[in-house]
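Engineer: all I have is the shape, not the residue letters:
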């Protein structure tokens with residue numbers, strides 16, 4: 001019990017070595033035992049046939065048949081049997097009559113007495129017999145055959161035997177090669193077991209089973225406990241690991257471990273990032289309602305490249321907050337510009353009053369208080385949220401040297417848009433893109449917004465350089481940008497615009513006409 005417990009508590013390498021050696025020893029022992037048993041059976045059969053052949057030779061001698069006619073057959077048969085026994089190496093040659101009375105036997109004192117083993121089968125059937133029996137000289141393999149007279153009648157039998165000890169001695173002569181072979185196999189098994197044990201230790205980094213189990217538990221706990229999605233790919237593009245956070249972020253996309261990436265239904269952008277066609281850090285991917293940031297990192301084990309690990313982070317709320325902050329900053333800049341302009345106007349009014357030009361001061365105040373752009377904007381765009389956005393964008397454009405013009409055909413009745421979130425997103429992104437396209441140069445941005453029961457139609461054109469023909473479709477892909485990188489993800493505005501329109505069954509397009517002209521259709525949401 002102590003030795004069993006010691007092996008059980010031993011290291012993984014020792015347990016493997018002992019187990020393999022037990023298997024080798026059992027296999028070699030079983031093979032040697034089967035071989036020895038088979039060899040014993042073959043030697044028994046060989047000596048039985050040899051004994052039978054000797055018995056048949058004796059039974060066929062004419063002098064044997066003639067001796068049975070004599071008053072004392074033993075006087076002829078005993079010397080003959082002893083001569084045959086000596087010449088053939090048999091351990092005994094016995095001749096008996098039909099009544100099983102011996103006429104010849106190695107022990108002459110037994111002549112005239114009954115056979116110690118029954119020969120009735122041979123005498124009655126007249127057929128030869130082989131087998132193993134125990135007689136007066138011990139256990140022997142023997143052959144018995146009938147003696148016939150000149151008429152073919154059975155008149156007696158001849159029994160020839162070879163001691164089992166002789167057969168065992170013959171078997172012992174064949175054992176040394178078997179022993180040496182078994183030892184060679186054991187030595188080879190010992191060597192292979194040592195090599196296999198060493199290899200297993202290298203592959204497991206010398207860790208014991210309980211340590212491997214603990215690492216697996218920790219791995220599962222960490223991978224499925226982190227909030228970031230983790231997805232691992234091997235060199236063949238098969239998914240080898242996907243944690244719960246990744247399944248949650250990917251939503252309705254079902255990814256199973258062992259599945260090839262090419263067989264999974266993914267958007268083109270997502271497939272490019274996961275497959276490595278779009279390398280780089282912090283790749284932005286729109287997936288459903290989520291904005292995901294993906295990082296694809298190669299994995300190396302002992303200096304060999306084994307695959308990749310892709311982390312997925314949900315930045316939807318962060319992007320929304322960033323855009324809200326951008327809008328707030330734009331509004332702040334607009335207020336700052338208006339405050340600066342208001343201060344200039346106040347200085348003008350104060351100067352006129354100090355000069356006594358009271359009528360001129362009143363006229364100046366009346367003209368500037370009307371706010372022709374704001375007044376016209378509110379007349380056409382009665383939806384307050386959208387009007388406030390356009391007013392802020394107008395001030396932002398003015399600060400950057402551009403001029404925002406609202407077209408005469410614009411018309412957005414109040415309350416017609418319902419939740420203005422998508423409308424603000426589409427109009428704000430298209431106008432912001434137009435402002436960025438001018439890049440601080442003087443220019444004009446023309447905006448047209450028309451709303452009815454069918455939805456909102458938006459057209460935003462700028463006097464910038466336009467869009468290259470080969471980039472007409474690319475500009476709507478998430479992550480695409482022609483602007484210098486600044487803080488935060490780039491290339492999301494137009495992608496989010498397109499997503500919002502497609503989600504409600506609309507569209508967004510771009511063409512060049514003295515600059516880039518974006519048109520979008522944002523259908524009204526279906527009412528439940």
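Structural biologist: The structure has been received and is ready for your questions. These numbers come from a predicted model, not from an experiment. Numbers count the residues shown, from 1 in each chain.
Engineer: now do the host helix or strand of residue 146, average pLDDT.
Structural biologist: With elements taken from DSSP states H and E, the one containing residue 146 is strand 138-148. Averaging pLDDT along strand 138-148 yields 87.
Engineer: strand partners of it, parallel vs antiparallel please.
Structural biologist: Paired neighbours of strand 138-148 in the sheet (DSSP bridges): strand 129-135 (antiparallel), strand 154-163 (antiparallel).
Engineer: what angle do strand 138-148 and the helix or strand following the last one make with each other?
Structural biologist: The C-terminal neighbour of strand 154-163 among helices and strands, as given by DSSP H and E, is helix 164-203. Angle of helix 164-203 versus strand 138-148, following axes from the mean of the first three to the mean of the last three C-alpha atoms, to 10 degrees, is 130 degrees.
Engineer: remind me what helix 164-203 packs against, helices and strands.
Structural biologist: Other elements packing on helix 164-203 under the criterion 3 or more C-beta pairs under 8 Å, 6 or more residues apart in numbering; DSSP states H and E are helix 12-59, strand 138-148. Any C-beta I mention is one placed from the backbone N, CA and C, and that applies to glycine too.
Engineer: could these be laid out in a markdown table, adding mean neighbour count?
Structural biologist: Below are the helices and strands packed on helix 164-203 laid out as a markdown table (neighbours: other C-beta atoms under 10 Å):
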| stretch | mean neighbour count |
| --- | --- |
| helix 12-59 | 16 |
| strand 138-148 | 23 |
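Engineer: now these in JSON lines, with distance to residue 276?
Structural biologist: Output for those, formatted as JSON lines (distance: least, C-beta to C-beta, whole Å):
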{"stretch": "helix 12-59", "distance to residue 276": "37"}
{"stretch": "strand 138-148", "distance to residue 276": "79"}
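Engineer: just to check, residue 378 is in contact with residue 390?
Structural biologist: No - the criterion here is C-beta atoms under 8 Å, and residue 378 misses it with residue 390 at 10.0 Å.
Engineer: more neighbours, the two?
Structural biologist: Just comparing residue 378 and residue 390: by other C-beta atoms under 10 Å the higher neighbour count belongs to residue 390, 27 against 15.
Engineer: residue contacts, the more buried one?
Structural biologist: Residues near residue 390 by C-beta atoms under 8 Å, 6 or more residues apart in numbering: 377, 381, 404, 406, 427, 431, 447, 449.
Engineer: same thing but at 6 Å, please
Structural biologist: Residue 390 sits next to residue 377 when contact means C-beta atoms under 6 Å, 6 or more residues apart in numbering.
Engineer: do residue 273 as well
Structural biologist: Listed by C-beta under 6 Å, 6+ apart, the contact set of residue 273 reads 283, 285, 294.
Engineer: residue 525: which of those residues is nearest?
Structural biologist: Nearest to residue 525 among the contacts of residue 273 is residue 285, at 25.4 Å by C-beta to C-beta.
Engineer: and the closest residue to residue 185 other than its chain neighbours, how far is that from residue 184?
Structural biologist: Leaving aside its sequence neighbours, residue 185 sits nearest to residue 28 (C-beta to C-beta, 6 or more residues apart in numbering; 5.1 Å). Here the criterion is C-beta to C-beta, to the nearest Å. By it, residue 28 lies 10 Å from residue 184.
Engineer: now stretch 24-42, how far from the centre of its chain.
Structural biologist: Averaging C-alpha positions (C-alpha atoms, centre = their mean, to the nearest Å) puts stretch 24-42 43 Å from its chain's average.
Engineer: what do you get for stretch 443-461?
Structural biologist: Using C-alpha atoms, centre = their mean, the offset of stretch 443-461 from its chain centre is 52 Å.
Engineer: how far away is the residue of the chain positioned farthest from its centre from residue 103?
Structural biologist: Centroid-distance maximum for the chain: residue 71 at 95.4 Å, with C-alpha atoms, centre = their mean. Look at residue 71 and residue 103: by C-beta to C-beta, they are 12 Å apart.
Engineer: tell me the domain ranges of the protein?
Structural biologist: Using automatic domain parsing, the domains assigned to the chain come out as 13-170, 210-314, 381-523.
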